[in-house]
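Participant: attaching a predicted model along with its sequence, questions to come.
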Amino acid sequence: GGTYEFKVSGAALTGSITRPGFNGGDPTTTPFTDGKITGDAITFTVTNNFGGNEFKTVYTGKVVGDKIELTFDMGGRGNPRTVTLKKGE
């Protein structure tokens, strides 16, 4: 879960994911890197740091109307998963 914020400039995509904190802690915001848009296809990478170890997650998606269908692969930890994001107000 979390809130995804996308900023588009030409074919470049930037933004971040804000996730709720663990056990009522402060939310964390992680910026995207390597964001690109080609037609209705998007791709970006999110790097998370857990206990000093970096984990890169590559997201690929497609814009469908007011939704974005994202598939992400957590570098071999589990199967790729798909989420559908709806445009916020």
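Facilitator: Good, I have the coordinates.
Participant: quick one: low-confidence parts of this protein?
Facilitator: 1, 75-77, 89 (pLDDT under 70).
Participant: how about the strands of it, start to end?
Facilitator: 3-9, 12-19, 28-38, 41-50, 53-64, 67-73, 81-86 (DSSP state E).
Participant: strand partners of the fourth one, parallel vs antiparallel please.
Facilitator: Based on DSSP bridges, the strands next to strand 41-50 in the sheet, each with its direction, are strand 28-38 (antiparallel), strand 53-64 (antiparallel).
Participant: give me the contacts around stretch 46-58.
Facilitator: The contact list for stretch 46-58 (C-beta atoms under 8 Å, 6 or more residues apart in numbering) reads 17, 30-33, 43-45, 59, 72-75, 77. Every C-beta, even on glycine, is put in place using the N, C-alpha and C of the backbone.
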